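Novice: coordinates only, sequence not included:
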């Protein structure tokens, strides 16, 4: 019998290269699209751009970059939704004030 070192860790097929990385971060693409369509176009587009980067960065082994892109996508989608709601509330208040003054 010869003393052989143990084999290197095995990455299952389809797993990202480079060993253990943890769970893939959420890309928030659905929220980004909804924020773009219904709330605030500029912030929604920025959210879509960062959401599209998450999978590519994760699959190439850039786990920190994927996490950062995920956080930015979530942040832009959230701020887009908040901006859209603020505009809607201001619009309703303006209509109510205009209807009350006439």
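Specialist: In hand now; what should we look at? If you're wondering where the values come from, they're calculated on a predicted model, not measured in any experiment. Numbers count the residues shown, from 1 in each chain.
Novice: which parts of stretch 78-96 are buried?
Specialist: 78, 79, 80, 81, 83, 84 (16 or more other Cβ atoms under 10 Å). For the C-beta atoms, the positions are set from N, CA and C on the backbone; glycine is no exception.
Novice: Of the residues you listed, which is the nearest to residue 30?
Specialist: Using Cβ to Cβ, residue 81 comes nearest to residue 30 of these, at 12.3 Å.
Novice: List the residues that contact the closest one.
Specialist: Contact partners of residue 81, counting by Cβ atoms under 8 Å, 6 or more residues apart in numbering, are 31, 34, 35, 39, 40.
Novice: next one: residue 75
Specialist: Neighbouring residues of residue 75 by Cβ under 8 Å, 6+ apart: residue 47.
Novice: what number of residues lie near residue 53?
Specialist: With neighbours defined by other Cβ atoms under 10 Å, the count for residue 53 comes to 19.
Novice: What average pLDDT does the helix or strand hosting it get?
Specialist: Taking DSSP states H and E as the criterion, residue 53 maps to helix 41-59. Summarised as a single mean, pLDDT over helix 41-59 is 95.
Novice: name the helices or strands packed onto that helix?
Specialist: On a contact count with 3 or more Cβ pairs under 8 Å, 6 or more residues apart in numbering; DSSP states H and E, helix 41-59 meets helix 29-38, helix 63-101.
Novice: Let me know the angle separating the shortest one from helix 41-59.
Specialist: This means helix 29-38. If you take axes from the mean of the first three to the mean of the last three Cα atoms, to 10 degrees, helix 29-38 sits at 160 degrees to helix 41-59.
Novice: Which of the residues in helix 29-38 are classified as buried?
Specialist: 29, 31, 32, 34, 35, 36.
Novice: what residues are up against the first one?
Specialist: Residue 29 makes contact with 48, 51, 52, 73 under the criterion Cβ under 8 Å, 6+ apart.
Novice: Going through those, which ones are buried?
Specialist: 48, 51, 73.
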